[in-house]
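Q: coordinates only, sequence not included:
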């Protein structure tokens, strides 16, 4: 029994010595050509076997990979004439590993650290503006050698660029400048061509787009800077017509409803007309329905836009509406000459027809622009409000003027005690049909009562002949 135990102990010592990194014959070397590889790229590693510095040909070597979560047993391979055997580790996930190399002919092994770095992926993006302020987003994902990466999910974000703001404009006129999520979650995966497509609300104008891959073996190394043109919008503010032109007044607006100082063109029946000072003139043609396509061709900042406007000419449209007067008689009053006119409404239609109708009679001063009717004696007037007596006497002077038609204007003056300077305090206008109304001068706090000088107003009315 004692001899058996001694024999087993000798066998154990021989095994430990045989598996030691130090070879039983110290002139054998096993080495790994690299301890850093990148996922999806330089994933081949090579073991070199030498004895006394000479490569060993046609010898079996093996590579095993270990970590806390992965045990990868490489196949056994024979060395070539240079003593090398190459192993592909393309399926090895990113992380830190222990690589063990074995040469069984001599019971020799060695080990080395091995790191698998993240693979480099690139994302390209195409933005296509659709109707109703929507955007089609197409992202293509490739590795560092332009090979498509299929079956991957990613997140994509629009962020404000450095020292700037992002901009997304929506159909309702609102906009966002702080950035948004473009693609989020792992429901979408790249197809066989490495492409993901989705559609979002809003037009992406400015910002920096970043990407994040859900898969842990690749990292997207690039961002995409977006500097697209800002949407513009055409708005018609007014239209009217005369015998020669159809007038279109317009505004060109940006997303903030601020006017853009650019001119438009219009296409009507195949002819092009150019706007000036926010006005387009379309010559009047035959009586029919017209379609006007207003166009803005865009510039370096704003995107092109268009707007379609229709109108119909029947010939019954009013192109002129005015009044004219016919002299009925002249007469003299208060030393001046007046003229009485018969006033007509004149309506002209696009088809050339004219309609004339009587409106009213009107009397105007013929021989002078304005004249003094007469000057009354100073009259006591009821005054409401605070007026310091140092500035105002108890009586006001009144000057009356007649405009020759429907109004008598009464100018009220007061005088300063010092120097006797006259100052206009206010006026009252007496109207033929409204009897009279009052006005006051806020500067001097004058306020006349509503029944001020009613007798005086009646007196003047009788003089005029109302």
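A: Good, I have the coordinates. This is a predicted model, so every value here is computed, not measured.
Q: residue contacts, residue 238?
A: Residue 238 makes contacts with 247, 249, as judged by C-beta atoms under 8 Å, 6 or more residues apart in numbering. Glycine gets a C-beta too; all of them are placed from N, C-alpha and C.
Q: and it, what's its pLDDT?
A: Note on residue 238: pLDDT of 95.
Q: report the beta-bridge partner residues of it.
A: With DSSP bridges applied, residue 238 shows beta-bridge pairing to residue 249.
Q: from residue 250, how far off is it?
A: As defined by C-beta to C-beta, to the nearest Å, residue 238 lies at a distance of 9 Å from residue 250.
Q: ok, now residue 319?
A: 21 Å.
Q: which of these two has more neighbours?
A: Shown here are residue 319 and residue 250; by other C-beta atoms under 10 Å, residue 250 has more neighbours (22 against 17).
Q: separation between the more buried one and residue 312?
A: The value you get for residue 250 to residue 312, if C-beta to C-beta is used, is 19 Å.
Q: just the endpoints, please. Distance across stretch 122-139?
A: 10 Å (C-alpha to C-alpha, to the nearest Å).
Q: how far does it sit from the chain's center?
A: Centre-to-centre, stretch 122-139 and its host chain are 17 Å apart (C-alpha atoms, centre = their mean, to the nearest Å).
Q: ditto for stretch 47-56
A: 69 Å.
Q: now do it: distance from first to last residue.
A: 11 Å.
Q: do the same with stretch 168-178
A: Using C-alpha to C-alpha, the two ends of stretch 168-178 sit 9 Å apart.
Q: all strands for the stretch 201-350 of the chain, in order.
A: Ranges of strands within the stretch 201-350 of the chain are 203-213, 218-220, 224-227, 233-241, 245-253, 265-268, 271-274, 279-283, 289-296, 305-312, 318-333, 336-349, based on DSSP state E, counting those that start in this stretch.
Q: dump those strands to a markdown table, plus distance to residue 96.
A: Shown next, in a markdown table, are the strands of the stretch 201-350 of the chain (distance: least, C-beta to C-beta, whole Å):
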| stretch | distance to residue 96 |
| --- | --- |
| strand 203-213 | 20 |
| strand 218-220 | 17 |
| strand 224-227 | 32 |
| strand 233-241 | 57 |
| strand 245-253 | 59 |
| strand 265-268 | 66 |
| strand 271-274 | 70 |
| strand 279-283 | 71 |
| strand 289-296 | 59 |
| strand 305-312 | 57 |
| strand 318-333 | 88 |
| strand 336-349 | 91 |
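Q: so the closest residue to residue 299 other than its chain neighbours versus residue 271, what's the distance?
A: Closest residue to residue 299 apart from its sequence neighbours, by C-beta to C-beta, 6 or more residues apart in numbering: residue 262 at 6.8 Å. In this view, residue 262 and residue 271 are 21 Å apart by C-beta to C-beta.
Q: and for residue 39?
A: As judged by C-beta to C-beta, residue 39 and residue 271 stand 64 Å apart.
Q: and if you look at residue 251?
A: Counting by C-beta to C-beta - residue 251 and residue 271 are separated by 23 Å.
Q: count of neighbours near the nearest residue to residue 93 once chain neighbours are set aside?
A: Closest residue to residue 93 apart from its sequence neighbours, by C-beta to C-beta, 6+ apart: residue 217 at 5.8 Å. Using other C-beta under 10 Å, residue 217 has 18 other residues around it.
Q: so who does residue 217 touch?
A: Residue 217 neighbours (C-beta under 8 Å, 6+ apart): 39-40, 93-94, 118-119.
Q: before we move on, what about residue 284?
A: 241, 243-246, 313, 350.
Q: what does residue 290 give?
A: By C-beta under 8 Å, 6+ apart, residue 290 lies in contact with 246, 268-269, 282, 310-313.
Q: same thing but at 10 Å, please
A: 246, 268-269, 282, 284, 309-313 (C-beta atoms under 10 Å, 6 or more residues apart in numbering).
Q: which parts of the chain are helices?
A: 2-18, 454-464 (DSSP state H).
Q: what's the least confident stretch among the ones you listed?
A: Mean pLDDT is lowest for helix 2-18 out of these, coming in at a mean of 41.
Q: where does pLDDT dip in the stretch 351-466 of the chain?
A: 365-466 (pLDDT under 70).
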